[in-house]
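Participant: Got a predicted structure plus its sequence, pasted below:
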Amino acid sequence: MRVLVTGGAGFIGSHTSDRLVELGHEVVILDALTAPVHRDGQPSYLTPGAELWVGDVRNRDLLANLLRRVDAVYHFAAYQDYLTDFSRFTSTNVVSTALLYEIAVAEKLDLQRVVVASSQSAMGEGMYACPTDGVQTPDMRPESALARGEWEHRCPQCGGALRVLKTPETFANPQNAYGMSKYGEEMVAIALGRRYGIPTVALRYSIVQGPRQSIYNAYSGACRIFCLHYLLGSAPILYEDGAMLRDYVNIHDVVAANELALADSRAVGGVFNVGGGTAYTTAQFAEVVREHYASEQQPRVSGEYRFGDTRHIHSDIQALQDLGWDPKRSPADSVAQYAEWLQGMPGLDDVLAEADAKMRRLGVVRRAAG
């Protein structure tokens, strides 16, 4: 099979392209190679044997030319991170997806599969349970509560404590521009795929960790941030109280899910969570990193928070497990793989300071009263 991988020079795209070549597929990569991810241009790890086209996924002529030559598509190209240029998220993530289907329909292309990369962020704050009032689906936490250091959601009906639930794919309530664009992307893909008979699968990735995750993103990547701190001899900051729950999944487990989405016809028409199965607090994850580096420096709770952060989120992965997929690697595996990849990498000294300065300049990092 000849497969187009948009964003194929990136983190998830490059690992997926590697696996496709191993399986005997021909791979065509379309990637804009733009900063911050590709600040130094074409990466050294680009999949050997893959055909690279450098360009914007919204370029109609370029995208049409490539789609005519392939049997299937992985659509990973995306604009990400926590940034305030809101329109660019929709322009890059949703418009490019709509364009892909527009071309496929207009030219009656016989695509055997389209797999689109969605995100756990489409679920926003996720689902909770109140012992008195049942399932609750809170919206974003108010800035006034965060400024007072009140981190947890409360039941909107009785004001009581809430218990975090695993959130299934049937729920979506995105709270930031990236999450909105990813939910829009999966809706466009699934609906148009169903209407026009283009076999489509959408995968909602949790927090993906492992080698090749860009060191230059300002916001995303707990593994990146914590590993860089300990590698460079400093202690990482834990925002809020360090008790936020997150769902981490290893890149190689993600590739296995991508492989299934291409090969298994039972996945067609579905949206699937791709997560690690177990929720960790950010403090617990930081401890995994600290133990890997054998550091005596404990993470610091600074009294700061990141405006717009989700408090807790934990994906229910049962639907994908029912198709035979399971996460096989732990956060410790992800940390070890990422730490090995960082070894000897030049230019790391200023990365953390640059990211922190950018987040503060954008007003993302803020301090609670007291």
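Facilitator: Arrived safely, thanks for sending. Treat the numbers as computed from the prediction; the structure is a model and nothing was measured. Residues are numbered from 1 along each chain as shown.

Participant: and the longest helix anywhere in the chain, which residues are buried?
Facilitator: Longest helix in the chain, counting residues (DSSP state H): helix 177-196. For helix 177-196, a neighbour-count test (16 or more other CB atoms under 10 Å) marks 177-190, 192-193 as buried. Placement of C-beta: from N, CA and C, glycine included.

Participant: Can you list the helices and strands that it packs against?
Facilitator: Judged by 3 or more CB pairs under 8 Å, 6 or more residues apart in numbering; DSSP states H and E, the packing partners of helix 177-196 are helix 86-89, helix 96-106, strand 113-119, strand 200-205.

Participant: CSV for those, including distance to Arg39, mean pLDDT and mean neighbour count?
Facilitator: Formatted as CSV, the helices and strands packed on helix 177-196 follow (distance: least, CB to CB, whole Å; pLDDT from 0 to 100; neighbours: other CB atoms under 10 Å):
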stretch, distance to Arg39, mean pLDDT, mean neighbour count
helix 86-89, 18, 93, 14
helix 96-106, 22, 98, 19
strand 113-119, 21, 98, 26
strand 200-205, 23, 98, 27
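
Participant: now the ones you listed as TSV including distance to Thr282?
Facilitator: Listed next are the helices and strands packed on helix 177-196 as TSV, based on distance: least, CB to CB, whole Å:
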stretch	distance to Thr282
helix 86-89	24
helix 96-106	31
strand 113-119	18
strand 200-205	18
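
Participant: before we move on, back to that, who touches the longest helix of the chain?
Facilitator: If you take CB atoms under 8 Å, 6 or more residues apart in numbering as the criterion, helix 177-196 is touched by 75, 78-84, 86, 89-90, 92-94, 97-98, 101, 104-105, 114, 116-119, 121-124, 172, 174, 198-200, 202, 204, 269-271.

Participant: Wait, Ala202 touches Phe272, no?
Facilitator: Yes: between Ala202 and Phe272 there is a contact under CB atoms under 8 Å: 7.3 Å.

Participant: Nearest to Cys130 among the buried residues of helix 177-196?
Facilitator: Gly179 (23.8 Å; CB to CB).

Participant: what's the pLDDT at the closest one?
Facilitator: For Gly179, the model assigns a pLDDT of 94.

Participant: Tell me how far it lies from Glu152.
Facilitator: 21 Å (CB to CB, to the nearest Å).

Participant: And Thr34, its phi and psi?
Facilitator: Thr34 adopts backbone torsions of phi -100, psi 160, taken as degrees, to the nearest 10.

Participant: Show the contacting residues for it.
Facilitator: Contacts of Thr34 (CB under 8 Å, 6+ apart): none.

Participant: do Thr92 as well
Facilitator: With CB under 8 Å, 6+ apart, Thr92 has these contacts: Val57, Arg58, Ala77, Ala78, Tyr79, Ser181.

Participant: and the fourth one, how far is that from Met1?
Facilitator: Meaning Ala78. On the measure of CB to CB, Ala78 and Met1 end up 23 Å apart.

Participant: Which one's more surrounded, these two?
Facilitator: Ala78 (24 against 15; other CB atoms under 10 Å).

Participant: nearest residue to that one other than its sequence neighbours?
Facilitator: Asn93 (5.1 Å; CB to CB, 6 or more residues apart in numbering).

Participant: Correct me if wrong: the one you found contacts His75.
Facilitator: No: at 9.5 Å, Asn93 does not count as touching His75 under the criterion of CB under 8 Å.

Participant: the more surrounded of these two?
Facilitator: More neighbours surround Asn93 than the other of Asn93 and His75, with 29 against 24 (other CB under 10 Å).

Participant: All the helices of the stretch 1-150 of the chain, in order from the start?
Facilitator: 11-22, 60-67, 86-89, 96-106, 143-147 (DSSP state H, counting those that start in this stretch).
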